[in-house]
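A.B. asks: Predicted model and sequence follow; I will ask about them next.
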Amino acid sequence: MQAILASMVDGLVAVDKEGRISMVNRAAEGLFMLQKQHLLGQTFESLLDTPDLHNTIIKVLRTGVEFRVEYNLFPNQENIYRINIVPLKGENDEIEGALAVFHDITDARKFDRMRSEFVANVSHELRTPLTSIKGFVETLLDGALEDKMLCRRFLSIIDSETDRLTRLIDDLLTLSAMETKEIRVNLQNVNLVESVKNVFNIMGPQAEDKNLRMELIYSPQAGWVKADQDLIGQVLINLIDNAIKYSSDGGKIVVRIFNENGKTVIKVSDTGIGIAKESLHRVFERFYRVDRARSRVHGGTGLGLAIVKHIVELHGGEVFVSSQVGVGSTFTFCLPAGDQVSRCAEIDN
Ligand SMILES: Nc1ncnc2c1ncn2[C@@H]1O[C@H](COP(=O)(O)OP(=O)(O)OP(=O)(O)O)[C@@H](O)[C@H]1O
Ligand SMILES: [Mg+2]
C-alpha cells in the first residue's frame, strides 16, 4: 500500500473528522512543498491563502457526498488542480474522514485554451478575405460589371484575395502535417550555397522592386548539410521573404553560412524595421504578427515563421532571432552538418 501511494503522480491527502490532515503521500508533500511532519495535523485553511478547499472538505464531512472542485491552489503559481474529495466511512457507515486526490490539469487547460484560440484565429483569417471577396462580387453584381476598368480592378482584388485564402490553407495543412509527423523528411546532402542562390533568383524581382541588395557570404568548408532539400528551401524562402517584406527601400540582406561546433549555422540578416523586444519571443507563434496591418498589406498570414521553426526542429536544429527596432533583424538557424565523405564525393562530381 505504501509503495502504491508513494509511486502515485497525484497528490493524496486524508483528513480526519475535523478536517485535520492524517495522511499524505510523497506527491502531496511536493505539492505543498512541506514535509509530512509539517503537514500532519494541519487543516487546509492553515495551509492555503483561501478557505475554499477547507470549506469543501467540511461540506463532504458533513454531508457524506463526494465533491469535485477545480482550484488554483497557490496564487503565485499558474497550476490548476482538479481535486476529488470522497468521504471515508467506518463500519457502521459513520463518516470518519475524507480523502482528497489532487490532479494537476494545468496542461490540459492550456491545450484547451490554445485550441480555442487557434480556431478563433483561423476563422478570423478565413473570414477577412471572404468578406472582401463577397463585397466586391456584390458591387460587381450591383452594376459595376458594366464599367470595364472597375470590373478589372475588382476582379484582380478578388483574384489576390483568393490566392491569400489558398496560401493560408496550404500553410495550415503544411503545419498540421508536420505536427502529426505525416511529412516525410527526405534527408540528403544538400548544398546550402546553391539553395540560397536559388532563393535569391526567385526573390530577385521582389528585392529589386525595393532596391534591396542581397549578398551571400560563406566559408568554403561550410555549406553542406544533411537535410530535406525542399523543406530547407521553404525555410530560406520564408526568412528571405520576411527580410524583403519588412525592409524599407535601399536596404541590404545578407545570408551567412559557416560551421560551428559540428553544426552548420545559417544567418539571414536585414537592415529592415526590426522587431521590438517584447515581440521577439512571440514571432514564431502561429498567426503572430507584430503589425497586423503591415503584414496583411503584404498578404501575410503570420504562419511563415511557425513553419520555419517546425522544419528546423524536424531536422534536429534550432532557430533564434535577434533584432533592434529601426536597425534590422537576424534570424539564425543551425542544422547538423553534412558528412565529409559524401561532401567530397559530390564536389568531385
Ligand atoms: N525580418 C523581419 N523584420 C521585421 N519583422 C519581422 C521579420 N520577420 C518576421 N517579422 C515579424 O514577425 C511576424 C511573423 O512573421 P511570419 O513570417 O510568421 O508571418 P508574416 O510574414 O506576417 O506572414 P507569412 O505567413 O506570409 O510569412 C511578421 O508579421 C513581422 O511582424
Ligand atoms: Mg513571413
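C.D. replies: Noted; the coordinates are in hand. Ligands and ions are numbered 1, 2, ... in the order given.

A.B. asks: did I read that right, A100 in a strand?
C.D. replies: Yes - remark: A100 belongs to a strand, assigned using DSSP: H, G, I helix; E, B strand; the rest coil.

A.B. asks: any idea how far it lies from ligand 1?
C.D. replies: Applying C-beta to the nearest ligand atom, to the nearest Å, one obtains 45 Å for the distance of A100 from ligand 1. Every residue, glycine included, has its C-beta placed from N, CA and C.

A.B. asks: and that residue, how many neighbours?
C.D. replies: 25 (other C-beta atoms under 10 Å).

A.B. asks: For it, give me its contacts.
C.D. replies: 12-15, 53, 57, 83-85 (C-beta atoms under 8 Å, 6 or more residues apart in numbering).

A.B. asks: of those residues, closest to ligand 1?
C.D. replies: Proximity of the contacts of A100 to ligand 1, judged by C-beta to the nearest ligand atom, is greatest for I83, which lies at 40.1 Å.

A.B. asks: list the contacts for Q2?
C.D. replies: Under the criterion of C-beta under 8 Å, 6+ apart, Q2 has no contact partners.

A.B. asks: Hmm, I typed the wrong one, I wanted G272.
C.D. replies: Counting by C-beta under 8 Å, 6+ apart, G272 has contacts 243, 246-248, 251, 328-329.

A.B. asks: still on that earlier bit, list buried residues within the contacts of A100.
C.D. replies: With neighbours counted by 16 or more other C-beta atoms under 10 Å, the contacts of A100 contain buried members at 12-15, 53, 57, 83, 85.

A.B. asks: number of nearby residues for whatever residue of the chain ends up closest to ligand 1?
C.D. replies: Proximity to ligand 1, evaluated over the chain using C-beta to the nearest ligand atom, is greatest for G304 at 2.3 Å. Taking other C-beta under 10 Å as the neighbour definition, G304 ends up with a count of 22.

A.B. asks: before we move on, back to that, switch the buried ones among the contacts of A100 over to JSON lines; also include distance to ligand 1, pLDDT and secondary structure.
C.D. replies: Supplementary listing: those in JSON lines, determined by distance: C-beta to the nearest ligand atom, whole Å; pLDDT from 0 to 100; DSSP: H, G, I helix; E, B strand; the rest coil:
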{"residue": "L12", "distance to ligand 1": "45", "pLDDT": "96", "secondary structure": "strand"}
{"residue": "V13", "distance to ligand 1": "46", "pLDDT": "96", "secondary structure": "strand"}
{"residue": "A14", "distance to ligand 1": "51", "pLDDT": "96", "secondary structure": "strand"}
{"residue": "V15", "distance to ligand 1": "51", "pLDDT": "96", "secondary structure": "strand"}
{"residue": "L53", "distance to ligand 1": "43", "pLDDT": "93", "secondary structure": "helix"}
{"residue": "I57", "distance to ligand 1": "49", "pLDDT": "95", "secondary structure": "helix"}
{"residue": "I83", "distance to ligand 1": "40", "pLDDT": "96", "secondary structure": "strand"}
{"residue": "I85", "distance to ligand 1": "46", "pLDDT": "96", "secondary structure": "strand"}
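
A.B. asks: Now render the residues you listed as CSV, adding distance to H103.
C.D. replies: Formatted as CSV, the buried ones among the contacts of A100 follow (distance: C-beta to C-beta, whole Å):
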residue, distance to H103
L12, 10
V13, 12
A14, 16
V15, 17
L53, 14
I57, 16
I83, 7
I85, 12
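
A.B. asks: and ligand 2, which of these contact it?
C.D. replies: With C-beta under 5 Å from the ion as the criterion, no member of the buried ones among the contacts of A100 is in contact with ligand 2.
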